[in-house]
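> Sequence below, structure please.
(one chain, ligands or ions: 1)
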Amino acid sequence: MSTSLVWLRDDLRVADNPALLAAVDRGEPVVVVFILDEVSEGIRPLGGATKWWLHHSLAAMQDKLHRLGGELILRQGKAPDVLRALIRETDAGALYWNRRYGKPERDMDAAVKEYAKASGLDAQSFQANLLFEPWTVRTGNNTPYTVFTPFWKSCINRPTPPRLPLPAPTKLRAPTAQPESDNLEYWNLLPTHPDWALAFPHRWTVGENGAHAALELFLTTRLTRYAKGRDFPAEYSTSELSPHLRWGEISPFQVWHATDHYRREHPSAEINTNAAKFIAELGWREFSYHLLYHWPDLATVNFDGRFNHFPWGEADPEILDAWQQGRTGIPMVDAGMRELWQTGYMHNRVRMIAASFLIKNLLVDWRIGEAWFWDTLVDADPASNAASWQWVAGSGADAAPYFRVFNPLLQAEKFDPKHDYLQRYLGDYEHPLLSGYPMPIIDLLASRNRALEAFKTLGDIP
Ligand code: FAD
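Below is the predicted model of the structure:
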């Protein structure tokens, strides 16, 4: 008898979890572990809001595994050291996990696999969190794609679609004695003084069940208007699956096939168009991971090297505070930053506006904004956050043209014409000039011109 160890990371689900299923299929007792590794070199420490999510997601996973007769073992420390100890403690004969795509994580996993194999274990990794493995999507010249549309076309035009989701195991065979586990409460993942996450539970049902409920709600009530509605922040038109996907409470395979199933069950041109748009957004997630895989420094290094000498302004702490706290005097930016503060989430359209304002009007280096979102978003994602900030800055792959500066006032008029979103997050919002709303911290036109002047250092502006 030799235990099968399952090492969970960002795949906190029992259904469509190939590593878990492989362990169950092996027939031996199964030990499932999650390791909080805040010490290994190169692993980016989690931000505050994702830690909040992780706490609840682990609690939900504990519950799921209990119901199957298993347990979730929690350990803290350098993951390779913890695993070595666990392999000894449990007399493990197999170690399984689902793949991740950051470079330090991949290096760690490769070293763990080497060690496990050398120790005689069956060590295997599985594709679970991306529909298309980054090394399999290549241009005709055998290079990684740097433009989204051909990337996505080459993915969806493959002769076979992504595999079907795998079932959840019906039972876990537990070892005679489970190894010791930390107590989740002592990991201090939740904020205390102050508890800035007090309102988060009103918005989110964390865990695998919550993820599937969100998908179901989306498909049955939001999909028909997705393509148009997704730009209007007051509407709840998008899936709000991002934090669930971030922690792998639901897999992209499940989302893909559930959407495809719904589309077939409700055949219409309208559903087809909206479903394709939704799946293409999932494609942006894939593209971001593709970029992270091939350009591991995506969160810190400009994809477009011309930006390396860009004259960013000094990030004045008072100005930065005003942006972070939603006190810039620009209503749409402030509403977005307050949505972020109150819920750990910000609507995509508003993310673009708030990021553009920071980068272009305030001329603050995109990395400073990326770091703030990393700390405050419940869906803070190593690939999508970095790729999106570079996209807005214009320094990214297939990015928005750097010389295009959003006008946050016009954006608000266009995408929140009745000011419903502004009112939701700014209270009794009327027009800024009528309501004693703070004066803008910067002149929009002058700062736009300053940005355009600065962008001249990058080359010709058409
Ligand atoms: P839906 O519209 O329902 O889309 C479905 C899924 O597709 C999302 O859950 C997400 O996984 C994926 N997706 C959608 N849009 C994008 C996109 N532009 N890039 C990558 N994946 C996408 N998304 C994150 O998941 N984590 C981040 O840390 C993150 N940071 C961002 C920072 C900035 C400055 C910007 C402009 C965007 C960022 N995004 C990030 C992308 C996008 O805003 C969110 O994925 C989206 O708002 C999540 O809401 P939703 O689940 O309702 O999306």
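
> Write out the residues of the stretch 301-450 of the chain neighbouring the ligand.
348, 351-352, 355, 373, 377, 379-381, 384-385, 388-389, 392 (Cβ under 6 Å from any ligand atom). (Glycine included, C-beta is placed from N, CA and C.)

> Please tell me which one of these counts the most neighbours.
Among those, residue 389 has the most neighbours (other Cβ atoms under 10 Å), with 28 neighbours.

> pLDDT-wise, which helix or strand of the chain ranks last?
Least confident helix or strand, the chain: helix 432-435 with a mean of 56, by mean pLDDT, DSSP states H and E.

> returning to what we had before: ok, so of the residues of the stretch 301-450 of the chain next to the ligand, who is nearest residue 440?
residue 355 (17.3 Å; Cβ to Cβ).

> Assumed the closest one was part of a helix.
Yes - in this structure, residue 355 lies within a helix as judged by DSSP: H, G, I helix; E, B strand; the rest coil.

> so what's it up against?
366, 369, 388-389, 392-393 (Cβ atoms under 8 Å, 6 or more residues apart in numbering).

> Redo those residues as a markdown table? Include secondary structure and pLDDT.
Below are the contacts of residue 355 laid out as a markdown table (DSSP: H, G, I helix; E, B strand; the rest coil; pLDDT from 0 to 100):
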| residue | secondary structure | pLDDT |
| --- | --- | --- |
| 366 | helix | 97 |
| 369 | helix | 98 |
| 388 | helix | 98 |
| 389 | helix | 98 |
| 392 | helix | 96 |
| 393 | helix | 95 |
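
> And these, which is closest to residue 251?
Distances from residue 251 to the contacts of residue 355, taken by Cβ to Cβ, are shortest for residue 388, at 21.3 Å.

> Am I right that that closest one is in contact with residue 291?
No - Residue 388 sits out of contact with residue 291 when judged by Cβ atoms under 8 Å, with a separation of 10.7 Å.

> before we move on, the earlier item: from the contacts of residue 355, which single one is nearest the ligand?
residue 388 (3.3 Å; Cβ to the nearest ligand atom).

> distance of the closest one from residue 107?
25 Å (Cβ to Cβ, to the nearest Å).

> Repeat that for residue 291.
Residue 291 is 18 Å from residue 107, by Cβ to Cβ.

> higher neighbour count, these two?
More crowded of residue 291 and residue 107, by other Cβ under 10 Å: residue 291, with 28 against 14.

> Residue 182 belongs to a strand?
No - counting by three-state DSSP, residue 182 falls outside a strand, being coil.

> Contact partners for it?
74-76.

> filter those residues to the buried ones?
Taking 16 or more other Cβ atoms under 10 Å as the criterion, what is buried in the contacts of residue 182 is 74-75.

> Quick one: the contacts of residue 182 as a markdown table, columns for pLDDT, distance to residue 150 and secondary structure too.
Shown next, in a markdown table, are these (pLDDT from 0 to 100; distance: Cβ to Cβ, whole Å; DSSP: H, G, I helix; E, B strand; the rest coil):
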| residue | pLDDT | distance to residue 150 | secondary structure |
| --- | --- | --- | --- |
| 74 | 98 | 43 | strand |
| 75 | 98 | 43 | strand |
| 76 | 98 | 43 | strand |
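
> CSV for the contacts of residue 182, including distance to residue 245?
Output for those, formatted as CSV (distance: Cβ to Cβ, whole Å):
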residue, distance to residue 245
74, 22
75, 25
76, 25
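
> mind putting the contacts of residue 182 in TSV, distance to the ligand included?
Output for these, formatted as TSV (distance: Cβ to the nearest ligand atom, whole Å):
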residue	distance to the ligand
74	25
75	27
76	24
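
> Residue 24: how many residues sit nearby?
Neighbours around residue 24, by other Cβ under 10 Å: 22.

> hang on, it in a strand?
No - counting by three-state DSSP, residue 24 falls outside a strand, being helix.

> Now do the contacts for it.
4, 30, 169, 171-173 are the contacts of residue 24 under Cβ under 8 Å, 6+ apart.

> 6 Å instead?
Counting by Cβ atoms under 6 Å, 6 or more residues apart in numbering, residue 24 makes contact with residue 169.

> try the one 5 residues further on
Contacts for residue 29 were tallied using Cβ under 6 Å, 6+ apart; they are 3, 173, 175.

> how close does the nearest residue to it once chain neighbours are set aside sit to residue 31?
In this structure, residue 29 finds its nearest non-sequential neighbour in residue 175, 3.9 Å apart by Cβ to Cβ, 6 or more residues apart in numbering. Separation of residue 175 from residue 31 (Cβ to Cβ) stands at 6 Å.

> Quick one: list the elements packing against the lengthiest helix in the chain.
Counting residues, the longest helix in the chain under DSSP state H turns out to be helix 269-294. Counting by 3 or more Cβ pairs under 6 Å, 6 or more residues apart in numbering; DSSP states H and E, the packing neighbours recorded for helix 269-294 are helix 148-156, helix 226-229, helix 252-265, helix 384-393.
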